[in-house]
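Novice: Predicted model follows, preceded by the sequence.
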Amino acid sequence: MTAKVAIVGRPNVGKSTLFNRLVGKRLAIVDDTPGVTRDRREGAAMLGDLEFTAVDTAGLEDSDVESMTGRMRLQTEAAVFEADAVLFVIDGRAGITPLDSHFANWLRKQKTPVILVANKCEGGAGKSGVGEAYALGLGDPLPVSAEHGEGMYDLAVALIEHI
Ligand code: GDP
Ligand code: MG
């Protein structure tokens, strides 16, 4: 059994892009189980020498913030409860939104270790978002670019402590 790493965060921060980078073509399962797990995808991930099971959670198209947070929370809860570590992804360029803070508040109360990942930081972008992210109380944000593969070594170093 390899360790499970859940990728969570609000829609559009780049969770699936990060999942795809970690899993590449090794995507093993597309989980079509009805209900809260419907949109979860799991795959065998590799980061340097580190092997683990990555779990992607959905980005939702629901425009109703109330039901969106409700459903995201259910899905996030299920993924987080099963995980050995969580990658909580924010958009370093967009900065912290109320939805980010909402999930951060919940995540802080959970037992699963959380690594705060500031995505979209290629080429040193997203410095203001990274600065704001300290206020989430989840430790030092780790700037990465899922799309360009930047910060992946630092991500491996952060993960190796927990899995
Ligand atoms: P998700 O909803 O959190 O799964 O986000 P997606 O992975 O679907 O990505 C949302 C958008 O952000 C897409 O347009 C991606 O191309 C873009 N994106 C993802 N990662 C990066 C990144 O590292 N840098 C930039 N600039 N854009 C990114
Ligand atoms: Mg997605």
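Specialist: Sure thing, it's come through. Numbers count the residues shown, from 1 in each chain. Ligands and ions are numbered 1, 2, ... in the order given.
Novice: so what does the helix or strand hosting E51 touch, helix or strand wise?
Specialist: With elements taken from DSSP states H and E, the one containing E51 is strand 50-56. With contacts defined as 3 or more Cβ pairs under 8 Å, 6 or more residues apart in numbering; DSSP states H and E, strand 50-56 has these neighbours: strand 4-8, helix 15-23, strand 41-47, helix 152-160. Heads up, the C-betas are built off the backbone N, CA and C, glycines and all.
Novice: so which of these gets nearest ligand 1?
Specialist: Of all the helices and strands packed on strand 50-56, helix 15-23 sits nearest to ligand 1, with 3.4 Å by Cβ to the nearest ligand atom.
Novice: relative to strand 4-8, how tilted is the closest one?
Specialist: Relative orientation of helix 15-23 and strand 4-8, computed by axes from the mean of the first three to the mean of the last three Cα atoms, to 10 degrees: 150 degrees.
Novice: How about helix 15-23 and ligand 1, touching?
Specialist: Yes - interface with ligand 1: helix 15-23 contributes K15, S16, T17 (Cβ under 6 Å from any ligand atom).
Novice: And stretch 102-114, by the same measure?
Specialist: No - if you take Cβ under 6 Å from any ligand atom as the test, stretch 102-114 misses ligand 1, and the best it gets is 12.1 Å.
Novice: Please spell out which residues along the strand holding E51 are buried.
Specialist: Across strand 50-56, burial judged by 16 or more other Cβ atoms under 10 Å covers L50, F52, T53, A54, V55, D56.
Novice: Direction included, what does it pair up with?
Specialist: Paired strands of strand 50-56, with direction, are strand 4-8 (parallel), strand 41-47 (antiparallel) (DSSP bridges).
Novice: Mind checking the pLDDT average for that strand?
Specialist: Taken as a whole, strand 50-56 has a mean pLDDT of 94.
Novice: Quickly check: stretch 137-152 near ligand 2 or not.
Specialist: No - using Cβ under 5 Å from the ion, stretch 137-152 never reaches ligand 2; the gap is at least 10.8 Å.
Novice: what about that stretch, start to end distance?
Specialist: 22 Å (Cα to Cα, to the nearest Å).
Novice: what's in contact with it?
Specialist: The contact list for stretch 137-152, computed with Cβ atoms under 8 Å, 6 or more residues apart in numbering, reads 14, 17-18, 20-21, 47-48, 88, 90, 92, 104, 107-108, 114-123, 126, 130, 133-134, 154-155, 158.
Novice: No further queries at this time; thank you.
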